[in-house]
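Q: Sequence and predicted structure below; questions after.
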Amino acid sequence: MKTLHSINFSDTAIAFASKSTKELKHMRFLFRTMAWSKMTNISVSFLKFALKYHFPIKNIVRKTLFNQFCGGETYWECGTTMDKLHEKGIFSIPDYSVEGKEDEVSFNQTVKELLKGIELAAGLPMVSFSVFKMTGIARFALLEKIQRGDELSSEEKKEFGRVKERVTRLCFEAETHNVRLMVDAEETWIQTAIDELCIEFMKRFNTQKPILFFTIQLYRKDGLERLKKMYADAQRDGYFTGFKLVRGAYMEKERERAKTLNYPSPIHDTKENTDAMYNEAVSFCLHEDIATCVATHNQFSIEKAVREMDPKDMQISGFAQLYGMGDFLSYNLAHAGYKVSKYLPYGPLREVMPYLFRRAEENKSITGETTRELSFIEKELKRRKAALNSK
């Protein structure tokens, strides 16, 4: 394996080897638009309005946000993308990204889709994880009520029982097929309820090795403390933990809710504090040989992880970035021999629009990341133009 010093994250020839010049120009247009905050606001507002009133906008969305950030409308449609990524040594994490559903029929449909995905993943060497959000199979308000400690009605107790049955089916399928199953993190006011569910199922299914992986948000002030406690509890009770480490995706929502309800913000006041805790969490997990997915677009954090990663860590740990972003990280890591995956959202186009709108709005709020993406795209287009002119 090559060392850190042989990884050049600025090597755009490697980063964009699988992209045609036409595709790169399309990416440049999209990221320029998202870097312009006012234009993003206008575009997303229009698309939300058009979606609400059933305007024919599918082709617009498909040719822009969908093609950039999604693998397809079905698991099978993702196959071409997964093959293309795997040719370059990159694994996939297919993510059924239907959001905002609140009824039992939708929850059961999501479980059906997830079970099918786990079964398919067992026969696909390019898939590193299956993944789901708890709110994809459980009502948000129910989780919120459980976290508050409010007494559930008899119907709500039955409803929560059905949630546990769904998680049981997913974990059992994952264990049966030896597929690692990842649970995404969500808002703090339902996260403790999700934590408790995950711990309950880790105790049942992580007895021999980590099957169920839990996501820790390190923009939370208590993020590292929570991680260490979960690990210590697992050591004491004799089961394995698996963690995905992220910074966090609900920063604006978390701060706004804390301000509105007049309680201390649960997330760090500065990016520097978040970065410091994230990097400390990476060091802790690697030092303790915990199965870890270092999910970040932060180059410094990745470099730190690579410096501290022993060769044996490569069997239990790896990196992940979102599909459609961070190719300079993903492709150069894979080229150097590190295990790296792309989060690959999929689902019916109209149903994944909430995810796509969130993706555009998040990119708007992290202008540094968007600007960096643009700079690498521009660099590669210039490199290709110069190569053509030299012939």
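A: Arrived safely. Just so you know, these numbers come straight off a predicted model, no measurement behind them.
Q: Quick check: T207 is in a helix.
A: No. Counting by DSSP: H, G, I helix; E, B strand; the rest coil, T207 falls outside a helix, being coil.
Q: Please report the number of neighbouring residues for it.
A: For T207, the tally of surrounding residues (other Cβ atoms under 10 Å) stands at 12. Any C-beta I mention is one placed from the backbone N, CA and C, and that applies to glycine too.
Q: cool, and I377?
A: 25.
Q: That one should be in a strand, yeah?
A: No. I377: not assigned to a strand; according to three-state DSSP it is helix.
Q: for the nearest residue to it once chain neighbours are set aside, what are its contacts?
A: Leaving aside its sequence neighbours, I377 sits nearest to R28 (Cβ to Cβ, 6 or more residues apart in numbering; 4.9 Å). When contacts are counted by Cβ atoms under 8 Å, 6 or more residues apart in numbering, R28 touches 374, 377-378, 381.
Q: most neighbours, which of the residues you listed?
A: Most surrounded of the contacts of R28: other Cβ under 10 Å gives I377, at 25 neighbours.
Q: That one and L30 touch, don't they?
A: No. Using Cβ atoms under 8 Å, I377 is not in contact with L30; the gap is 9.7 Å.
Q: Give me the pLDDT value at N332.
A: Predicted confidence (pLDDT) for N332: 95.
Q: what's the distance between it and I90?
A: 11 Å (Cβ to Cβ, to the nearest Å).
Q: which one of the two has more residues nearby?
A: Neighbours were counted for N332 and for I90 using other Cβ under 10 Å; I90 has more, 26 against 21.
Q: ok, then the element right after the helix or strand where F284 lies?
A: Using DSSP states H and E, F284 falls within helix 271-287. Going down the chain from helix 271-287, the next helix or strand is strand 291-295, by DSSP H and E.
Q: chain center to stretch 286-294, what's the gap?
A: Distance, stretch centre to chain centre, for stretch 286-294: 17 Å (Cα atoms, centre = their mean, to the nearest Å).
Q: Dump it to PDB, restricted to CA.
A: Only the C-alpha atoms of stretch 286-294 are listed here, as PDB (Å, rounded to 0.1, in the frame of the first residue of the first chain):
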ATOM      1  CA  LEU A 286      -8.500   3.700  15.300                       C
ATOM      2  CA  HIS A 287      -6.500   3.400  18.500                       C
ATOM      3  CA  GLU A 288      -9.200   1.000  20.000                       C
ATOM      4  CA  ASP A 289      -9.400  -1.000  16.700                       C
ATOM      5  CA  ILE A 290     -13.200  -0.200  16.400                       C
ATOM      6  CA  ALA A 291     -14.800  -0.900  13.100                       C
ATOM      7  CA  THR A 292     -15.100   2.600  11.700                       C
ATOM      8  CA  CYS A 293     -16.400   4.400   8.700                       C
ATOM      9  CA  VAL A 294     -14.700   7.800   8.500                       C
END
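Q: So which bits of the strand or helix carrying the residue nearest to I377 are buried?
A: Assigned by DSSP H and E, R28 falls within helix 21-35. By neighbour count on 16 or more other Cβ atoms under 10 Å, the buried set for helix 21-35 is 24, 26-28, 30-31, 33-35.
Q: same check, this time on stretch 125-141
A: Buried, per 16+ other Cβ under 10 Å, within stretch 125-141: 126-139.
Q: From the opening residue of it to its closing one, how far?
A: End-to-end distance of stretch 125-141 (Cα to Cα, to the nearest Å): 38 Å.
Q: can you check stretch 65-76 too?
A: The separation between the terminal residues of stretch 65-76, taken as Cα to Cα, is 20 Å.
Q: Run through who's touching that stretch.
A: Under Cβ under 8 Å, 6+ apart, the answer for stretch 65-76 is 26-27, 30, 77-82, 92, 94, 96-97, 113, 116-117, 120, 322-325, 344-349, 352, 355-356, 359-360.
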